[in-house]
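In: generate coordinates for the sequence data below:
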Amino acid sequence: MTKIENEMQYQAALKRVEELMLGLPEDTPAEDPRMVELTLLGNLVADYDEEHYPIGQPTLIEVIKLRMYEMGLTQAALSKLLDINTARVCEFLSGKREPTLNQARTISQKLNIDPAIVLGV
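Out: Model (predicted):
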């Protein structure tokens, strides 16, 4: 098999990958036939996943909210950290307004967010 063709094949391959993962010790050598099978099926499953269940890049709003959660920040605390008006931060988080270039730079630096996400590229 060079490619998983349909959902039935995908489910069968996924089931086998799970069986192999649970049944093989961590120190199984790469040359072991079961490890070879796991590697090959795992790659096929991953390829099918990417084609049929793609995960898009997160939005700036999603990433900011995640950082707020991770850092334990409220909108007011975020506003203070970024030195951006609370109303403006609320507009960013609701999707009503995009940050200016200077604000985007501050968001990227202070929240450690990839500039590509902040700039939407």
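
In: which helices and strands does the longest helix seen in the chain pack with?
Out: Identified as the longest helix of the chain according to DSSP state H is helix 33-52. Secondary-structure packing of helix 33-52 (3 or more C-beta pairs under 8 Å, 6 or more residues apart in numbering; DSSP states H and E): helix 7-23. The C-beta positions use only the backbone N, C-alpha and C, and glycine is treated the same way.

In: related to what we said a few turns ago, report the buried residues of the longest helix of the chain.
Out: Leu38, Leu41, Gly42, Leu44, Val45, Tyr48 (16 or more other C-beta atoms under 10 Å).

In: one more: stretch 99-112?
Out: Quick answer for stretch 99-112 (16+ other C-beta under 10 Å): Pro99, Gln103, Ala104, Thr106, Ile107, Ser108, Leu111.

In: can you list contacts of that stretch?
Out: Residues from elsewhere that reach stretch 99-112 (C-beta atoms under 8 Å, 6 or more residues apart in numbering): 60, 63-64, 67, 71, 81-84, 88, 92, 113-115, 118-119.

In: state the mean pLDDT of stretch 58-77.
Out: For stretch 58-77, mean pLDDT is 93.

In: report the two of the buried residues of helix 33-52 separated the most.
Out: Leu38 and Tyr48 (15.6 Å; C-beta to C-beta).

In: just the ones in helices from the contacts of stretch 99-112, please.
Out: Leu60, Val63, Ile64, Arg67, Met71, Leu81, Leu82, Arg88, Phe92, Pro115, Val118, Leu119.
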